[in-house]
Structure formats: C-alpha cells, structure tokens
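Peer 1: based on what follows, work out the 3D shape:
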Amino acid sequence: MQQPQSSQYSGYLRTLVPTASLLTTAILSASVFAQSPPEAAESGLETIEVTAQKRSQNLQEVPVAVTALSGELLAEKASFDIFDIERSVPTLSAFQSQSATNSAFAIRGVGTSSQNFGFESSVGLYVDGVYRARQNSVINDLVDIQSVEVLRGPQGSLFGKNTPSGAVVVNTVNADFDGRGFFQVTAGNYNTLNISGAKSVTLIDDVLAMRASGFTARRDGWVTDQTHPGKDLNNRDR
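Peer 2: Numbering: from 1, shown residues only. Next up is the predicted model:
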C-alpha cells in the first residue's frame, strides 16, 4: 500500500522540478531585461547657470529660491516688459503707480506700493550689478536682455539693504567683437508701436568693445478716464 504512495509522490516531484526550473529561468530573464536602462536616461538634464550669488553656479546647486529666465525664453514667451515675466515667476507681482515710469515689485505679497517717487522698494533691482534705488528707475521694457533672475526671500546678506522681500537681477547682453546686433519693430492695435535695437561696436580689435541699445514704446490706453473726457488711462509712452 505504501509503494504506490511513494511512486505518486515521486511523480509529483518530477513534475515540480521542471516547473520550478522554468519559473526561475523566466524570472532571471525578466531581471536581465529590467537592468537594461534606456539610452534617453543617460542624456541628463540641461545645465542652467545663474549668477544670483555673485558667482556662476548651477541652478540646482544654489541654496536660494530663484527663478532664472534666459533671453531666448523671454523672446519665446513674448515677454517684452517687466510685467510680462509675472506669468513665468511664482509669487512675483509687478504694478504701476501714477505712471509707467513709477513701477515696483512685490514678492510673496510683500512690496512697496506707495505712489511716492522718493520711496525705495522692498524688492531690490540690480541691472548689470548696479542697484536701482528708486521706483521710478525700474526698467519696464526688457531690451537686449541676457537673463533675468528673481530671488525670493530676504537677500540682505548678498545684496545689502532694501531686499527684505527679494531681488530682481537683470543681466544685459555683453559686447562682442563680431559687431552683432538686432533691430525690431512691433505694431498692433491701440496704435501700438514698439521699436528696439542694439549693436556691438569694436573700439580696439580684440581689446575693447562697446554695446549700445535703445527702445521706444507707445500705446493708447483702453480704460476711459471718466473725470477727464476724451482721455484714456493706462496709456504708454516710453
């Protein structure tokens, strides 16, 4: 009576061993395929260099909340003035007081909104390393820009006073010895006419060069001034 049982168990073992071997082979094959990474993973990410801390650094290594926008990206997004970068920079607000020449910033809801031309902003503006102290010195139009970097949070350790909310760092295009430049004209509704241009000039070959840029921007306002019939608000003449 026991011999048939032993024969039956041995039959089960002979059946299980090949099955286990097949499963092991399948698992090993699957693990081999899983260990082959796609070639796209080796390409890596684009390196973005910023100078927010007064030296060239990789954006991912900067221990500051910063948003960097290149000149090419600003052109792709049709960001022609400082108000257009609000769409690309979180917590940044740009507003106009009295006139287009008296503009200011706010970061994380903190800024200087007074219409006094003599007040200094809570967000520092630096153009090519030069501090712009007054609100009426804020650059509104972005012309010949290399990059714009917006630093969020207090920046007194790096930039000094008047940066409790943050800082906006604007870098223009450097001069070159190749005579590069551009000229651009934009027209639209509300009698919009924007003219801008820039040009590099070599003064001493391979030694000294300069770059000049300029712009003019005009546009009628679309808000009627009820207190002064026939006049519009929010017009632009720069």
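
Peer 1: domain assignment for this structure?
Peer 2: As given by automatic domain parsing, the domain ranges for the chain are 49-172, 181-237.

Peer 1: how about the ones you listed in CSV, adding mean pLDDT and mean neighbour count?
Peer 2: C-beta here means a position set from N, CA and C on the backbone, and glycine is covered the same way. Formatted as CSV, these follow (pLDDT from 0 to 100; neighbours: other CB atoms under 10 Å):
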stretch, mean pLDDT, mean neighbour count
domain 49-172, 81, 17
domain 181-237, 88, 13
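
Peer 1: how about the helices in the protein?
Peer 2: 2-34, 71-76, 156-159 (DSSP state H).

Peer 1: which residue is nearest the centroid of this structure?
Peer 2: residue 69 (2.7 Å; CA atoms, centre = their mean).

Peer 1: touching, that one and residue 85? I think so.
Peer 2: Yes - assessed by CB atoms under 8 Å, residue 69 is found in contact with residue 85 at 6.4 Å.

Peer 1: please name the nearest non-neighbouring residue to residue 147.
Peer 2: Closest residue to residue 147 apart from its sequence neighbours, by CB to CB, 6 or more residues apart in numbering: residue 171 at 4.9 Å.

Peer 1: what's near enough to touch the one you found?
Peer 2: By CB atoms under 8 Å, 6 or more residues apart in numbering, the contact set of residue 171 is 51, 128, 145-149.

Peer 1: just name the closest of those residues to residue 96, please.
Peer 2: Proximity of those to residue 96 (CB to CB) peaks at residue 148, which lies at 18.3 Å.

Peer 1: with that, I have no additional questions.
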